[in-house]
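# What shape does this take:
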Amino acid sequence: AVGGYGRGELFPYSDVDVLLLLPAGTDAHADDGARQRIEGFITACWDTGLEIGSSVRTVAECLEVARTDITVQTALLEARLVAGSRTLFAEFQKRFTDDLDALDFFVAKRLELRQRHVKYQDTPYALEPNCKESPGGLRDLQIILWVARAAGIGAHWDDLQRAGLVTAHELRQLRHNEAVLSSMRARLHLIAGRREDRLVFDLQNAVAESFGFAHHIAANGRLVLRASEVLMRRYYWAAKAVTQLNQILLQGIEEHLRAGRGEPLPELQRINARFFDKAGLLEVASDELYQREPHAILETFLLYASTPGIKGLTARTLRALYNARKLMNHAFRADPHNRKTFLAILQQPQGITHAFRLMNQTSVLGRYL
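You can find the predicted model right below:
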């Protein structure tokens, strides 16, 4: 079993991906007996109603294809023995692991993620989002576990926590939002009666009703909020959280991989008492900075917009912002110091298009406004 079937995660109309692993020297085209058995197995699967995606390869062929096709490499990473020779499967696992360069895999998957995000308008707020492929969808969670598995960290969220890459709060958020998105995808499949991962308008009400959501009606009989709007709010909350956690954890895994290679850590250049420049990324001087000095939340984005060479935020800063969201309340918004800082961001040459985009991605803009 490979792909989603390999990791034990199938949805009602998911493909069942199967690798038929052949001993070295076996030619399925030239060996009539092998060809007949393979064809018989695949035919039997289809006859029972399984829509299988099958490949037939030797171990050497698996490695050869994986080196040039990141999709195949990812599917093989999750391989699980269903039936057959344990010795052959063990040989495959060892040779595949030995052949896998974890950092190269990480770089390729991150590029794939960026390309996919661009394809889906680079926003978790699409009107008809794909709950698997859109930014903030299930694929953004899967990529974290793929690169973690390739790095030898583990294949489950608990493994990342044990490695110190995930906090207890983030672990709860990961599990909760994964459950939300998975439930929505499963219901989409069942309601559509086919593989359908998009929350299209025609299905939103039906999916909402399957969750028990109802229209909100005012005392005067006026429709206040549709059930579909309740559903989409829940989806957007989950997708936004997944987007933020994806950024935090991928940075952490990359640092883990580079440290394992013996690469020197980037030098910290002090910007002021609260922030450093870490190889072009803004780093908080302390994990508790925002808790002690809430004013520093908006200062983060002023520095981002005004400091030459700063092109993003480190995982440490992103995590600190994620944990400081509740500080941005009415008193925070009314504070004259914060108003002054916000005005200064507006006055930056790239303030609206540059800093505001990052503020939106980190949930700061919506909470401040």
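
# how far does stretch 116-127 sit from the chain's center?
Put simply, stretch 116-127 sits 13 Å off its chain's centre (Cα atoms, centre = their mean, to the nearest Å).

# And the contacts of it?
129-130, 133-137, 139, 201, 236, 239-240, 242-243 (Cβ atoms under 8 Å, 6 or more residues apart in numbering). The way it works is simple: take the backbone N, C-alpha and C, and place the C-beta from them, glycine included.

# May I see the PyMOL selection of the buried members of the residues you listed?
To isolate the buried members of the contacts of stretch 116-127 in PyMOL, using 16 or more other Cβ atoms under 10 Å:
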select buried, resi 129+130+133+134+135+136+137+139+239+240+242+243
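
# can you list the contacts of stretch 116-127 in CSV and add distance to Arg37?
As requested, the contacts of stretch 116-127 are exported to CSV (distance: Cβ to Cβ, whole Å):
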residue, distance to Arg37
Pro129, 43
Asn130, 38
Glu133, 36
Ser134, 41
Pro135, 44
Gly136, 44
Gly137, 39
Arg139, 35
Phe201, 47
Tyr236, 49
Ala239, 45
Lys240, 50
Val242, 43
Thr243, 46
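
# between the contacts of stretch 116-127, which is nearest Ile191?
Distances from Ile191 to the contacts of stretch 116-127, taken as Cβ to Cβ, are shortest for Phe201 (13.3 Å).

# which residues does the closest one contact?
127-128, 228.

# Ok, Leu203 next?
Shown in contact with Leu203 (Cβ under 8 Å, 6+ apart): 188, 191-192, 196.

# Of those residues, which belong to helices?
Among these, the residues falling in helices (DSSP state H) are 188, 191-192.

# Just name the closest of the residues you listed to Leu113, please.
Nearest to Leu113 out of the ones in helices among the contacts of Leu203 is Leu188 (Cβ to Cβ; 22.3 Å).

# pLDDT score for the nearest residue to that closest one once chain neighbours are set aside?
Among residues not flanking Leu188 along the chain, Glu196 sits closest, at 5.0 Å (Cβ to Cβ, 6 or more residues apart in numbering). Looking at Glu196, its pLDDT stands at 96.

# Asp27 too?
The per-residue pLDDT reported for Asp27 equals 82.

# same thing with Gln350?
pLDDT for Gln350: 68.

# nearest residue to Leu346 other than its sequence neighbours?
Sequence neighbours aside, Ile352 is the residue nearest to Leu346 in space, at 7.0 Å (criterion: Cβ to Cβ, 6+ apart).

# a strand runs through Leu20, doesn't it?
Yes - the assignment for Leu20 by DSSP: H, G, I helix; E, B strand; the rest coil puts it in a strand.

# Ile191 versus Leu10, what's the distance?
Distance, Leu10 to Ile191, by Cβ to Cβ, to the nearest Å: 17 Å.

# Let me see the contact set for the nearest residue to Tyr13 once chain neighbours are set aside.
Excluding the flanking residues, the one nearest Tyr13 by Cβ to Cβ, 6+ apart is Arg195, at 3.9 Å. Going by Cβ under 8 Å, 6+ apart, Arg195 touches 11, 13-15, 189.

# measure Val59 to His256 for me?
Distance, Val59 to His256, by Cβ to Cβ: 29 Å.

# Nearest residue to the residue nearest to the spatial centre of the chain in space, ignoring adjacent ones along the chain?
With distances taken as Cα atoms, centre = their mean, the chain has Asp140 as the residue nearest its mean C-alpha position (1.7 Å). Of all residues not flanking Asp140 in the chain, Asn246 sits nearest, at 4.5 Å (Cβ to Cβ, 6+ apart).

# residue ranges of the strands in the chain, please?
Applying DSSP state E to the chain gives strands spanning 16-22, 52-58, 216-217, 223-225, 268-270, 275-278, 281-284, 312-313.

# in the first one, what counts as buried?
Across strand 16-22, burial judged by 16+ other Cβ under 10 Å covers 16-19, 21-22.

# what angle separates it from strand 52-58?
Using axes from the mean of the first three to the mean of the last three Cα atoms, to 10 degrees, the inter-axis angle of strand 16-22 relative to strand 52-58 is 20 degrees.

# Which elements pack onto strand 16-22?
On a contact count with 3 or more Cβ pairs under 8 Å, 6 or more residues apart in numbering; DSSP states H and E, strand 16-22 meets helix 3-6, helix 32-47, strand 52-58, helix 59-68, helix 70-77, helix 86-99.

# State the mean pLDDT of the fourth one.
Regarding helix 59-68, the rounded mean pLDDT is 96.

# name the helices or strands packed onto that helix?
Secondary-structure packing of helix 59-68 (3+ Cβ pairs under 8 Å, 6+ apart): strand 16-22, helix 70-77, helix 86-99.
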